[in-house]
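S.K.: return atomic coordinates for the entry below.
(chains A, B, C and D)
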Amino acid sequence: MEFSDRATHSDRAKPIGAVMVVGGGIGGMQASLDLAESGFYVYLVDHSPTIGGVMSQLDKTFPTNDCAMCIMSPKLVDSGRHRNIRVITNAEVKEILGPPGSFEATIIRRPRYIRADKCTGCGECAKHCPVTAIDSYNEGMSRRAAVYLRYPQAIPKIFLIDREACIGCGLCERVCLAGAVDYGDRESEEKISVGSVILAPGFEVFDAKRRPEFGYGVFPNVITSIELERILSATGPHRSHLLRPSDGAIPERIAFIQCVGSRDAKCGNDYCSSVCCMYAVKEAIIAKEHVPFVKPTIFNMDIRAYGKGFDAYYERAKADYDVRFIKSMVSKVREKQGSGNLLVAYLNEEGKASEEEFDLVVLSLGMTTSKSVRDTAARLGVKLNRFGFCETETFTPLATSREGIYVCGAFQSPKDIPETVAQASGAAAAAAEMIASARGTLTTKKEYPPEDEVKPEEEARIGVFICHCGINIGGVVNVPAVKEYARTLPNVVHADENLYTCSQDTQEKIKNAVKEHGLNRVIVASCSPRTHEPMFRETIREAGLNKFLFEMANIRDQCSWVHMRRKAEATEKAKLLVRMAVANARLNRSLSETEVPVVQRGLVIGGGVAGMTAALRLAEQGFEVFLVEKEDRLGGNLLNLHYTIEGGDVQAFLRDLIDRVSHSSIHILLNSLVVDFSGVRGNFTTGVTTAPAMVHQKIQHGITILATGAEEEKPDGYLYGEDARVLTQLELEDRLYKGDWGQISNLSPEVVMIQCVGSRNEKHPSCSRTCCATAVKNALKLKKLNPAMNIRILYRDVRTYGFLETYYAQARREGIIFVRYDPEESPEVKKEGETLMISFEDKILKERMTLRPDLIVLSSASIPRENKELANLLKVPRTAEGFFLEAHMKLRPVDFASDGIYVAGSGHAPKLISESISQAYAAVARACTILSKENLLVGGIVAVVEGERCAACLTCVRVCPYEVPVVNVKGEAEIDIIKCKGCGTCAAECPARAIDLMHFTTGQLEAKVGALVGG
Amino acid sequence: MSFEPKILSFLCNWCAYAGADLAGISRFQYPPNTRVIRVMCSGRIDPAFIPRTFLAGFDGVMILGCHPGDCHYISGNIQAERKIAFLRKLLADEGIGGERLLLDWVSAGEGQRFAELTKGFTELIRSLGPFPVTEEMEGKLRAIHASLAGEKIRWMVGKAPELMEKENVYGERVDAERVGEVLETTVREELRKNRILIFLEAGTMTAKEISKKLNLSLKETLPLLVSLVGEGGIGFDPSEESHYPRYVRSG
Amino acid sequence: MRLSYPGNVKVVKVPCTGRVDVLLILRAFESGVDGVYLAGCLEGECHFLRGNLRARRRVEYVKGLLEEVGLGGNRVEMFNMSASQGQRFAQFAQEMTERIRLLGPSPVKKGE
Amino acid sequence: MIVGNRKDFSEILEKLGAARRVLLLGCNECVTVCGVGGEREVGVLASELRLYWTKEGETFEVREHTLERQCDYEYIDQIRGFADDYDVILSMACGAGVQYVAEAYKTKLVLPAVNTTFLGVTIEQGMWSERCQGCGACILDMTGGICPIARCAKSLLNGPCGGSSEGKCEIDKETDCAWQLIVDRLKESGQMERYEEILPVKDWRTGRDGGPRRRVREDLKL
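M.R.: Just a heads-up that it's a prediction; the model follows:
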């Protein structure tokens, strides 16, 4: 049986070491960065004029309420300036020809009318453009000019002309001092050669007008969830003020209507969009945080808070934010005459028709695929499922129907940000594996001239370059005056002004000045170091100076732009900022970054599906792997499973996987435990002891993947363990598989399944994610076995997210009865004689029902396998429930805070098999960003200890958020520069002042502050 | 005391001014209420001058140029006509009738016509009474002036004929209707935004109050507020905590 | 967004507010600045996990020291913002400038 | 380690009187570790003085210097070259350090900036607690490793007094009753029989009551 997407491409010509990623949202960016960091050249193609996708429009993200833009913008900047990623925006993929491994893709670039090589993103054009157009970034709630940047942080930061709105008056060309406007731009075609392709085109929100009963587009105060997202955002139409459209008033009563365009067969979308429950909860919470008197109500069928930490968030919404949840679908929304308020009609839980008045109605729109994405898929020969999403198989969740083309993100199935990010990394691993033999063939590494040594005692010779930034700075700040002033400052031997300091010719000018004037420090007074420092650092490095000898004064974003109407003061402030930069630059020192070798070998702990997949994928990418399993056989939880809900044969898959794991590059250590662990990314040493002989060995490896998995909890109560007729789902599955039935296979037996046993309670607040689907899976199986069987599933919320929803619908069609219970009124199981009895509240009949079931099946919680000691050894954190805690819930779903250690599978949180496989691939992609390098660069901005002054007081050891400092054998604190992340907390607290942070030394900060006031 | 209108006349050098001289040579009598500014061509008249004229205390403005086809500069008068028509629309939008603004043609030989036009216009203004410079009116005029003086509008107004008659930067001829529409929306929006900025000089206001004062529906007013907030010209009064936020001038 | 805020505010960039120690703040006052504030990530969103929380404690401590020496604890403040809250930055800059204006110039101003 | 508290700024000012040339002397041992007299704290107090005196329009000189230890004469000698340039040496060390500096610079005014409080341990970053009073006759073997001398408000030797309630001392609800701790610990470690043993009346002469103490170790002497 062939389950793997691995192709036998050994007989083919050498593959091309480049990948095309289609779609530059959070998924596309993640995949691109992982690939580029693992030795592959990436073409990142986006149909939009900028990358960033839908995430760029979001205000906050659940369940952490992180600001979406804050956490995303580093990835934007990295993707935009990575030397091995070429971002191609405003473009479509026309076709892909050729065999996997050596595809030829044709890209159509739409004209932008602004030259990328010249535009500096200053925005003068947009400020002058006389034509206004609808701003789609703000979902049409505001307007923008015909020449525009989609959003302020956009990458690439290149404007474009909206040809539909533009009337061609020519004003932008006149005001553009950079000469970037090019009205002659035409559509162009380009062919690129790539070895593999990743599709990450994302989703489109459902068209709310297709549900006319809710009045979107008719009643102004009916808005969509994404519109609310923009309204709540600081860059939104009202600058984060919550105002309703009809009259600009702050709405008090807000209704969220769930499942608009999801779980709806009528519009063809009988799948669940997976994210709407959580984003509605989030929007309700954020609205409440903005305006305390807001009263949010969420109308829903089920609240699908199935992800990590989601249920706690949902509970918090109820308890701390008074968000009201009504289990009912809204049938109609109408406007109340005159007020703009809305009357929402629904059947309440008693089944009575009710109507309630709201000030604002928000439609929680589902995810769909756009027509253009579906068309692209058709052109590329990629099969879609009946909902228009990319078709994938359970055991190969990253592979499309066309070999060499992989998929990730919402295009594969509706999903949230962390799952998209994880899957994107996963797709990167799959795409890389395909062309692993061509690693490093197309990527380039910058070669620099040797560095001139600048000794600390050497007199500083500073060159200052002051930027006009067109008129962005020059129009407010008197640049020549600042230049003259700079000349008077100590150690400044050269000062110059430029129209655009970031332009290519100015870089040459700076390099020449370094040579001509013997500069050993360079200062650019222009915009923000956050965006431009890397570029200028590169320039001075090319001129032979250490990059840390560069300094920036931000006289645009933090001066001319914010003091436009006070030119004289702005000029004075600019002078001061330059003075501060000079004071600081004098103390800048060359910092060396040293290369440390990487042990190009991996260690995977845990031999379940995630661990085996990770080991196999690493091996297939060409790395040696140690796979450590504590049991005497591989397989983990898969050993207990037999079939998937889609009908996949788990055991056959497992056999095949175990077979493949017997790979020449994989060392399998069964009956083995990790007993010690040390080292840092790139070079870990792990001690493993193998039973029964208790052989101890030390393994050296560059990365570690934790895949220790989860298991079904043995339930407490419901007569489990006391009566053989009370089983868990796993036990049921085993019996179903073995055909071990006894009396219940005949007649019309009564089966009751109880959901959330051991989940969503005080001890274990999380949802176990997979049990709803498992219950549906087993119920369908039972029904098939004996259609006369009466099956009831007692649930709290049915959480069959994504396409699993279709099986839930099927179960209901086949007569399986779903009965909701509240946790306060849990079902009761007892025995009268030999008769098993179960009683529960029936909400619809409003009475207590008692049944005499032949079988009770408990959907028991998924709990992490014993991992506490391992977590202690590796110093990785766990959640209160014992699952491993990743570095960042949203954007680093498989990384730990300590670099070089990754997590995969159910040890992270409960998961389906396909999800564990995706995540294992993801961990591999992240691991390859280290393993693919021979050396790692370390040092630079790190904390250093002056050992003599250290009092060994342990303050640094205690305050370091990353547990880096240790007190060494000499009784002095020691900070490993490989681990130090450079925050400086230790330097700020060391009572002996024995620690300093390089490049932000106490001396430098004090010099800056001194320059601020002193003359 | 009876009302003596104050009238400002812009006369083109080649026709109207010569016509006025001829009226003098011919001793045609007309009322002394007009003050003359000589311009080389009626095309020189910037529509932004007009609101300032009223703000400066004049009760009427006359612009006299060459007859169509006779312009010394080929089409200056035609352009003047277009610009003034445009201005009239703006004035009308704000409820200011265009009757106090006269654009007409006087050739170098029409001394008589010059005197009659002047006489007629003076009488008309006399009958209309003094220009009502109320606080509200002042705000409107300031707003109109600010909008017309902005670079965007001036560029558009100047470019419009080229776009319609020749071609735009893409080598296409733009439909006159489209140009008119863009011009009008742009100007109208600028004007209204300027008015809002002027309102808020006096204190904070809710959206409803602004819309009432603009005499516009809330639906038309809100997008203007959104734009102004986006441009940073106005913000929200942080001290207000009711259901109706109040806008303030910022910066 | 080009929001305007008073030109009195000068920014010293640090990798994390956790880098700012008690002494640096005191030294700033010694140099003669009239007020100091730290702008860190939102609580719980520190790029370095908890540097901003530590910074907040230090600011509280410095407030006490400034009270002791008679400069007034209100001359130093900590506030949190996200990268997209430009408006909040401008607003806080404004507020802080106003606050310091009311307190008057620092009595340790140099050259006066 | 020796733990102390910084004196109030007003008290320090008062003690300094008219002295304006101040040598602020830190110690890189215990007081550094407990965050009261290391280089950083020297910097903070120096800053405070400078801010205050600048505000008052005074002329002054504050020099910051931190010694490895103020309880060894070689280190103290390191300031010999410039100590005379100052009116006063303001020591941030424990009482021992202050005295030893004073002994070394007989003509100088030496002032303490720190109140030395106890011998203790770090409970958590930023929190210290008393453990030892230096009584000179250790009985920790009998009391489960918890010292009733230092940790019982009354230094009782044979069980708690009547003021022990719910494991806390009557002087303060935050303070554990040392005897409760001792009993718990003895139980935990299966040594309850030691609780039965009566500790004899303590001979306090080994402690402070015997007068100032001195220690000699002949073999180490030069």
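S.K.: going forward, measure contacts and count neighbours with C-alpha atoms only.
M.R.: Noted.
S.K.: what pLDDT does the model give residue 209?
M.R.: I'll assume chain A. pLDDT recorded at A:K209 is 95.
S.K.: my question was about chain B
M.R.: B:E209 carries a pLDDT score of 94 in this model.
S.K.: that one sits in which helix or strand?
M.R.: Using DSSP states H and E, B:E209 falls within helix B:207-214.
S.K.: for that helix, name the packing helices and strands.
M.R.: Counting by 3 or more C-alpha pairs under 8 Å, 6 or more residues apart in numbering or on different chains; DSSP states H and E, the packing neighbours recorded for helix B:207-214 are helix B:176-201, helix B:218-231.
S.K.: pull the residues that contact it.
M.R.: The list of residues contacting helix B:207-214 from outside it, by C-alpha atoms under 8 Å, 6 or more residues apart in numbering or on different chains, reads A:247-248, B:192, B:195-196, B:199, B:217-218, B:221-222, B:225, B:244-247.
S.K.: can you select the buried ones from those in ChimeraX?
M.R.: Here is the ChimeraX command that picks out the buried ones among those, judged by 16 or more other C-alpha atoms under 10 Å in any protein chain shown:
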select /A:247,248 /B:192,195,196,199,218,221,222,225,244,245,246,247
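S.K.: which among the contacts of helix B:207-214 gets closest to D:I123?
M.R.: Distance to D:I123 across the contacts of helix B:207-214 (C-alpha to C-alpha) is lowest for B:P245, with 51.2 Å.
S.K.: now that closest one. Nearest residue, chain neighbours left out?
M.R.: Spatial nearest neighbour of B:P245, excluding adjacent residues (C-alpha to C-alpha, 6 or more residues apart in numbering or on different chains): B:T206 at 5.9 Å.
S.K.: C:L24 now?
M.R.: Closest residue to C:L24 apart from its sequence neighbours, by C-alpha to C-alpha, 6+ apart: A:E1006 at 6.5 Å.
S.K.: neighbours of that neighbour, just the number please.
M.R.: 20 (other C-alpha atoms under 10 Å in any protein chain shown).
S.K.: equivalent analysis for A:Y43, please.
M.R.: Residues near A:Y43, counting by other C-alpha under 10 Å, number 22.
S.K.: so it: helix, strand or coil?
M.R.: The three-state assignment at A:Y43 reads strand, by DSSP: H, G, I helix; E, B strand; the rest coil.
S.K.: let me see the backbone angles for C:V33.
M.R.: phi -70, psi 160 (degrees, to the nearest 10).
S.K.: quick one: whatever residue of chain A ends up closest to chain C from A:R239, how far?
M.R.: Going by C-alpha to the nearest C-alpha, chain C is nearest to A:V562 of chain A, at 3.9 Å. Here A:V562 is placed at a distance of 17 Å from A:R239 (C-alpha to C-alpha, to the nearest Å).
S.K.: then A:V661?
M.R.: 54 Å.
S.K.: and these two? Which one has more around it.
M.R.: A:V661 (23 against 20).
S.K.: pretty sure that one contacts A:R617?
M.R.: No. Using C-alpha atoms under 8 Å, A:V661 is not in contact with A:R617, being 9.4 Å away.
S.K.: next SSE downstream of the helix or strand hosting A:V857?
M.R.: Using DSSP H and E, A:V857 sits within strand A:855-860. On the C-terminal side of strand A:855-860, the nearest following helix or strand under DSSP H and E is strand A:862-864.
S.K.: wait, the residue of chain A closest to chain C touches C:V9, no?
M.R.: No. In terms of C-alpha under 8 Å, A:V562 does not count as a neighbour of C:V9; the distance is 10.8 Å.
S.K.: who has more neighbours, those two?
M.R.: Counted by other C-alpha under 10 Å, A:V562 and C:V9 do not tie: A:V562 has more neighbours, with 22 against 18.
S.K.: what sits against the closest residue to A:E593 other than its chain neighbours?
M.R.: Nearest residue to A:E593, sequence neighbours excluded (C-alpha to C-alpha, 6+ apart): A:G939, at 4.7 Å. By C-alpha under 8 Å, 6+ apart, the contact set of A:G939 is A:L591, A:S592, A:E593, A:T594, A:I977, A:I978.
S.K.: could you redo the last one with a cut-off of 10 Å?
M.R.: Counting by C-alpha atoms under 10 Å, 6 or more residues apart in numbering or on different chains, A:G939 touches A:591-595, A:976-982, A:998.
S.K.: for the residue of chain D found nearest chain B, give its distance to chain C.
M.R.: Nearest residue of chain D to chain B: D:K55, at 34.4 Å (C-alpha to the nearest C-alpha). D:K55 sits at a distance of 5 Å from chain C (criterion: C-alpha to the nearest C-alpha, to the nearest Å).
S.K.: tell me the SS of A:R799?
M.R.: coil.
S.K.: now do the same for the residue of chain A closest to chain C: helix, strand or coil?
M.R.: The local conformation at A:V562, judged by three-state DSSP, is coil.
S.K.: apart from its chain neighbours, what residue comes closest to it?
M.R.: C:S4 (3.9 Å).
S.K.: not counting residues beside it along the chain, what's closest to A:I114?
M.R.: Distances taken as C-alpha to C-alpha, 6+ apart put A:V181 closest to A:I114, at 4.6 Å, once the chain neighbours are dropped.
S.K.: what sits against that neighbour?
M.R.: A:112-116, A:118-119, A:125, A:159-161, A:170, A:172-175.
S.K.: again, 7 Å this time
M.R.: A:Y113, A:I114, A:R115, A:E173 (C-alpha atoms under 7 Å, 6 or more residues apart in numbering or on different chains).
S.K.: ok, now A:A317?
M.R.: A:V281, A:I285, A:V323.
S.K.: before we move on, the earlier item: next, the residue nearest to A:I114: phi, psi?
M.R.: The phi/psi pair for A:V181 (degrees, to the nearest 10) is phi -80, psi 130.
S.K.: could you report the neighbour count for residue 86?
M.R.: Going with chain A. Under the neighbour criterion other C-alpha under 10 Å, A:R86 is assigned a count of 17.
S.K.: not quite, I wanted chain C
M.R.: 16.
S.K.: what's the pLDDT at it?
M.R.: We have a pLDDT of 75 for C:G86.
S.K.: run a quick neighbour tally on the residue of the stretch 1-150 of chain B found nearest chain C.
M.R.: Among the residues of the stretch 1-150 of chain B, B:G150 lies nearest to chain C; the distance is 19.2 Å by C-alpha to the nearest C-alpha. Other residues lying near B:G150 total 14 when counted by other C-alpha under 10 Å.
S.K.: what's the answer for C:G44, then?
M.R.: 15.
S.K.: surely it is within a strand?
M.R.: No. Using three-state DSSP, the assignment for C:G44 is coil, not a strand.
S.K.: kindly state the domain boundaries assigned to chain B.
M.R.: B:7-128, B:150-249 (automatic domain parsing).
S.K.: with distance to A:S262 added, can I get those domains in CSV?
M.R.: Converted to CSV, these look like this (distance: least, C-alpha to C-alpha, whole Å):
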stretch, distance to A:S262
domain B:7-128, 47
domain B:150-249, 31
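S.K.: among the ones you listed, which is nearest A:N584?
M.R.: The nearest among the domains of chain B, by C-alpha to C-alpha, is domain B:150-249 at 33.6 Å.
S.K.: how far does that closest one sit from its chain's centre?
M.R.: Using C-alpha atoms, centre = their mean, to the nearest Å, the distance from the centre of domain B:150-249 to the centre of the chain it belongs to is 16 Å.
S.K.: what about it, start to end distance?
M.R.: 19 Å.
S.K.: in the stretch 1-150 of chain B, what residue lies closest to chain A?
M.R.: Across the stretch 1-150 of chain B, the shortest distance to chain A (C-alpha to the nearest C-alpha) belongs to B:G150, at 9.5 Å.
S.K.: now do the SS call for the residue nearest in space to the middle of chain C.
M.R.: Nearest to the mean C-alpha position of chain C, by C-alpha atoms, centre = their mean, lies C:Y37 at 0.5 Å. What three-state DSSP gives for C:Y37 is strand.
S.K.: tell me who's in contact with it.
M.R.: Contact analysis of C:Y37 by C-alpha under 7 Å, 6+ apart lists C:V76, C:E77, C:M78.
S.K.: quick one: which of those residues is most hemmed in?
M.R.: Highest neighbour count within the contacts of C:Y37: C:V76, with 21 neighbours (other C-alpha under 10 Å).
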